[in-house]
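Chemist: sequence and computational prediction follow.
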Amino acid sequence: MTTKTDVLIVGSGPAGLTAAIYTARAQLSPIIVEGEPSSTSDQPGGQLMLTTEVENFPGFPMGIMGPELMGQMRSQAERFGAELVTAKVSKLDLSQRPFKAWVGDTEAAPTYEATSVIIATGARALMLGVPGEDRLLGHGVSTCATCDGFFFRDLPIVMVGGGDSALEEAIFLTRFASSVTLVHRRDSLRASKIMQERALANPKITVRWNSQVTEIMGDTKVESVRLVDTVTGAEDTMDVSGVFVAIGHQPNTELFADQLELLENGYLKVHDGSLTSIEGVFACGDVADHTYRQAITAAGSGCMAAIDTERWLETQGH
């Protein structure tokens, strides 16, 4: 059986849920396919479900836990009539309207037919894949210096990476940390020359060349890291309170990479606010934002996508 809807939202992070709140209040009865709890790239609530305390989202002066914030957004969307489906879209056909989406068996009839689609599948931070990383994520392991740097005031931390983002975040972290050790697997950085000059001139930043983090250790929070020299193979440990990983992000565009126009870095290309390369398909949040990647900017873009969708549907007689 195929369910028909005016608005189908794929993804349920801050962008998707904000789009759901706005479209539901506009009485468009959106359906949100929110993802699966077991999925690392498409889980309900997005990346904030992996975050502990959020202190930079307006309206919560004492901070709020990431999962709690997403739970409140979810309840707010449901309050206005949005329908949330805990499942993962396995196939999306954007070649003609109504657009078609499958959950599960793609050989069966489409699960949903939609006049418009809002894509809010987000992006995922590339991780090191070393022991202790998953277990201590949100407990000293972070992928967002802007989000979590404040928690490491006067504490030693490690930043892993060698590009512009890693150096920019390392410089930012020197506002809080007692020291920042930049761990890079090679003997030269790939960041721009001006970023290298700024980072290497900062007295709080030191570089561990030809080094890799092979394990992150600690019982309930990060206490130390194990490092290996990529040239000699020698190992040693370093006592740190935080490990920041900045080796890149991967937008979750697998469902529609061959249907929608992408930027060179793989993110969805949008214009006129949130419109993608196909009329009636809109995008918001980290799947289209490779610059800011904050919960508040994702929520703002979700609002934009909802309003753009509502106005477009009006032109279609809905």
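Modeler: Yep, that arrived. Numbering: from 1, shown residues only.

Chemist: what are the bridge partners for the residue nearest to the spatial centre of the chain, then?
Modeler: For the chain, the residue nearest the mean C-alpha position is residue 123 (4.2 Å; CA atoms, centre = their mean). Going by DSSP bridges, residue 123 is paired in beta bridges with residue 251.

Chemist: how close does the closest residue to residue 139 other than its chain neighbours get to residue 181?
Modeler: Leaving aside its sequence neighbours, residue 139 sits nearest to residue 221 (CB to CB, 6 or more residues apart in numbering; 4.7 Å). (Each C-beta comes from the backbone N, C-alpha and C, glycine too.) Relative to residue 181, residue 221 is positioned 18 Å away (CB to CB, to the nearest Å).

Chemist: likewise for residue 229?
Modeler: In terms of CB to CB, residue 229 sits 14 Å off from residue 181.

Chemist: out of those two, which sits in the more crowded spot?
Modeler: For residue 229 versus residue 181, the count of surrounding residues by other CB atoms under 10 Å is larger for residue 181: 22 against 14.

Chemist: I'd say that one and residue 208 touch.
Modeler: Yes. Assessed by CB atoms under 8 Å, residue 181 is found in contact with residue 208 at 5.8 Å.

Chemist: A helix includes residue 130, no?
Modeler: No. Counting by DSSP: H, G, I helix; E, B strand; the rest coil, residue 130 is not part of a helix but coil.

Chemist: wait, isn't residue 12 in contact with residue 47?
Modeler: No. Here residue 12 does not reach residue 47: they are 11.5 Å apart, not a contact under CB under 8 Å.

Chemist: who has more neighbours, these two?
Modeler: Per other CB under 10 Å, whichever of residue 12 and residue 47 has more neighbours is residue 12, with 31 against 24.

Chemist: distance from the lowest-mean-pLDDT helix or strand in the chain to the middle of the chain?
Modeler: When each helix and strand of the chain is scored by mean pLDDT, DSSP states H and E, strand 53-54 comes last, with a mean of 80. In terms of CA atoms, centre = their mean, to the nearest Å, the centre of strand 53-54 is set 15 Å apart from its chain centre.

Chemist: check stretch 137-151 too.
Modeler: On the basis of CA atoms, centre = their mean, stretch 137-151 sits 14 Å off its chain's mean C-alpha point.

Chemist: going forward can the numbers begin at 430, since that is how I track them
Modeler: OK, 430 is where the count begins now, so the last one is stretch 566-580.

Chemist: follow-up on the earlier one: what's in contact with the least confident helix or strand of the chain?
Modeler: By CB atoms under 8 Å, 6 or more residues apart in numbering, the residues outside strand 482-483 that reach it are 477, 489, 492, 493, 494, 495, 498, 576, 580, 724.

Chemist: stretch 604-615 now?
Modeler: 578-579, 581-591, 595-596, 599, 602-603, 628, 631, 633-642, 656, 659, 667, 669, 671.

Chemist: how about it, which residues are buried there?
Modeler: For stretch 604-615, the neighbour count (16 or more other CB atoms under 10 Å) marks 605, 606, 608, 609, 610, 611, 612, 613, 614 as buried.

Chemist: can you list the residues you listed in a markdown table and add secondary structure, distance to residue 435 and pLDDT?
Modeler: Listed next are those as a markdown table, based on DSSP: H, G, I helix; E, B strand; the rest coil; distance: CB to CB, whole Å; pLDDT from 0 to 100:
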| residue | secondary structure | distance to residue 435 | pLDDT |
| --- | --- | --- | --- |
| 605 | coil | 46 | 96 |
| 606 | coil | 49 | 97 |
| 608 | strand | 54 | 98 |
| 609 | strand | 49 | 98 |
| 610 | strand | 52 | 98 |
| 611 | strand | 50 | 97 |
| 612 | strand | 50 | 97 |
| 613 | coil | 50 | 96 |
| 614 | coil | 49 | 94 |
